[in-house]
Each structure stands twice: as C-alpha cells, then as structure tokens.
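Visitor: Have a look; sequence and predicted model below, questions after that.
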Amino acid sequence: MHEISLIESIIDIVLSEMSKNNITKVSSISLKIGKMLQVMEETLRFGFEIMSQNTPLEGAEIIIENTPVIGRCKNCGNEFQIDDWFDSCPNCHQMCVEIISGKEMEIISFEGY
Amino acid sequence: MKVSIVENILKANDRIAEQNRNFFKSKGVLTINVMSGPGTGKTSLIEKTINDMSDNINIAVIEGDIQTTYDADRIAKTGAQVVQINTGGACHLDANMISQSLNQIDLDCVDLLIIENVGNLVCPAEFKLGEDFNIALLSITEGDDKPFKYPLIFNVSHLLLINKIDLLPYIDCDIKKIKDGALRINSDLEVLEISCKTGEGLDKWYDWLLKKLENFKKPKK
C-alpha cells in the first residue's frame, strides 16, 4: 500500500475540513484502516511525521483503528473473520469467500483548536 | 474541538476513476486494465489482439511505463491509436494520469480501450482507473507461487491469462498450482492459458473479449 499517497490525501482532506471549522492547529487524527489493505503503520506514522512538518498538522497524534477482515461464504452464506487470504469457510470448508469488510481506509475524525 | 469526517482517503483517485468510467461509457467504449509484472507479455498480448481482431473491432491503447515510448512505438506499428504515459517514477498508473491522457485519443470510433499498466505485480491493483474489467497476466516463467505471494492483484481481477505455455516442457511450473491459488483468492476469477508466441489459446481470449463487448454494446464496424 502506498503510505506516502495516503498521507498526502490525509493532509489534503484535513486541511480542507480545518478551514471549514475555523481550526488552525490539529492535535490528533483518527483513521479506520481495514486489515486487508496491509498498511504499514510504522511507515505511515513516520511518513506523516515528515510530511506534516511546517503544516498545521505537525505534531498531531495519529490514532489508528484496525478493522478486521470479514468474509461471506458464497456457498453457505456463513460470515466469519478472515486472518489470511486463504482461509476457507469454517462451516462448509469451501474456498469461495467474498470479502465484505476489511478494505476500508477512512479518516473518521480529527481534533484541533 | 472534534470534527467528524468519515471520508474515504482514496476518494480523490476513486472520484476521477468514476469520471473516467462515465466518460468511456458515454462514448460506448469498453475499457480493460491489463496488469502484470515486467516482461510477462502484456505488450505482446495487445499487439496480437489488435492484429487478430482489427477486422472486427476498433482498439485504442493507453501505455503506462516509468520511462521510454518503446511499448507505444510497438503498438503504433499495428496502426491502432496509442498514447504513452511516462510516470517518471510512479510504479503504477492512477486515474488522474488516465484522465490527463484522454485528450490525445479520439474515442468516437473506438470499441475497446486497452490500458497497459506499469509492469508491477503489487501497486497497480490498488488504484482504480475507470476500467470495466481488470485482466491479470502471469507467465509460467515467473513461478507457480505468485498468487500466494501477491494475492491482491488476483483478488481484484476478473480474468487471469497464464502466458508462455509454449515453454512448459522446459520450465518447472505447476499450472494447476497457479490456478488453485488464484481461485482460492478469487473464486469468480476466470482463467485461460495462452501463448502470445505461438497463438495457442488466444482464440478463447478473443471469445472472452467479444462476449464482454456484446454484453456492453454492438461493435461500430
């Protein structure tokens, strides 16, 4: 996953929302990231630290909620948490799983003053 | 003060991809995004497809590479419209690059737009371009463990073309392992075995394309 591209988007989105809410300094940003995307958190945090320098986001804490990957078996309809791309359905053991969540990458909120 | 947003971080690319897709639809153009590692045979596949199908459908091509116009030059020799995008360093195409290139192609007489992505088994899978279908290409010389090592590209694709099957007598490759791995990641994935060198299996690829075009619209020829 392109952590630098993500950081650029995060900064753009937050700067845009800041101006709408008369916020001049950001103290924290909350993200929701699905585990399927395999975002490297350390890379994201380090990259943010660098790219936010000299912006109103400098020093902001990055809070990440990792959401689990949930699949639905196309054979029996069972929904279950997936830990690996190659998990089969625990109910019928078929390998025909549709990923229904776990690919999100969202800014949920930010705090500032 | 806390501000709630709940916004998709990749919304900028996805929004432009949707605009691209709507534009292609308005022109009656079916669009496919061809992805693979470097040297798998994407450009050869496109050359063969244009040469073999030119009596049936009009094809235009967007080529993506970090540097050079080598691939666009090859496609130009077929007589098809082609534009080369040089990313200069980016390892994948994105929706904005596609959007910026569209003023160099006349899509009014085009049935099928083929986007050849940058040779890379990882990053192209992460960025929508406005395509109708994703095509993954894997050659038997790359190893039969690739679906397990690079799952995302197989997960987001609609069709997997396994290329260079003419070399099977000389390569230790278990094609069944490739298929089993890819289908475990994506049970809806269609899989075809081809050789751009000998032409083996390409008829089924052309049938697949024609069926998609038929479902999409009638050819302009």
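Guide: Noted; the coordinates are in hand.
Visitor: From now on I want contacts and neighbour counts done on CA atoms only, so please keep to that.
Guide: OK.
Visitor: ok, residue 48 - contacts?
Guide: Chain wasn't specified; assuming chain A. Contacts here follow C-alpha atoms under 8 Å, 6 or more residues apart in numbering or on different chains; on that basis residue A:48 touches residue A:7.
Visitor: you looked at the wrong chain, it should be chain B
Guide: Neighbours of residue B:48 in contact, by C-alpha under 8 Å, 6+ apart: residue B:196.
Visitor: and the worst-scoring helix or strand of chain A on mean pLDDT, which residues are buried?
Guide: Across the helices and strands of chain A, mean confidence by mean pLDDT, DSSP states H and E is lowest for strand A:97-101: a mean of 85. Neighbour counts over strand A:97-101 (16 or more other C-alpha atoms under 10 Å in any protein chain shown) mark A:97, A:98, A:99, A:101 as buried.
Visitor: again, but for stretch A:76-93
Guide: Buried, per 16+ other C-alpha under 10 Å, within stretch A:76-93: A:79, A:80, A:81, A:82, A:85, A:86, A:87, A:88, A:89.
Visitor: do stretch A:104-113 as well
Guide: A:104, A:105, A:106, A:107, A:108, A:109, A:110, A:111, A:112.
Visitor: Report the rounded mean pLDDT for it.
Guide: Mean pLDDT, stretch A:104-113: 93.
Visitor: And stretch A:57-68, by the same measure?
Guide: 94.
Visitor: Distance from that stretch to the middle of the chain?
Guide: Relative to its chain's centre, stretch A:57-68 lies at 9 Å (C-alpha atoms, centre = their mean, to the nearest Å).
Visitor: Can you tell me the SS state at residue B:192?
Guide: strand (DSSP: H, G, I helix; E, B strand; the rest coil).
Visitor: Let me know how buried it is, in neighbour terms.
Guide: 17 (other C-alpha atoms under 10 Å in any protein chain shown).
Visitor: Surely it touches residue B:160?
Guide: Yes - contact criterion C-alpha atoms under 8 Å: residue B:192 and residue B:160 qualify, at 6.3 Å.
Visitor: Run through the residues of chain A sitting next to chain B.
Guide: Neighbours of chain B within chain A, by C-alpha under 8 Å from any C-alpha of the partner chain: A:1-2, A:6, A:9-10, A:13, A:21, A:85-86, A:95-98, A:104-113.
Visitor: quick one: contacts for the residue nearest to residue B:171 when sequence neighbours are not counted?
Guide: Closest residue to residue B:171 apart from its sequence neighbours, by C-alpha to C-alpha, 6 or more residues apart in numbering or on different chains: residue B:141 at 6.7 Å. Shown in contact with residue B:141 (C-alpha under 8 Å, 6+ apart): B:164, B:171, B:173.
Visitor: so which of those is the most crowded?
Guide: Taking other C-alpha under 10 Å as the neighbour criterion, residue B:164 ranks highest of these with 21 neighbours.
Visitor: Filter the buried residues of stretch A:76-93 down to just the ones in strands.
Guide: A:79, A:80, A:81, A:82 (DSSP state E).
Visitor: give me phi/psi at residue A:107?
Guide: phi -90, psi 120 (degrees, to the nearest 10).
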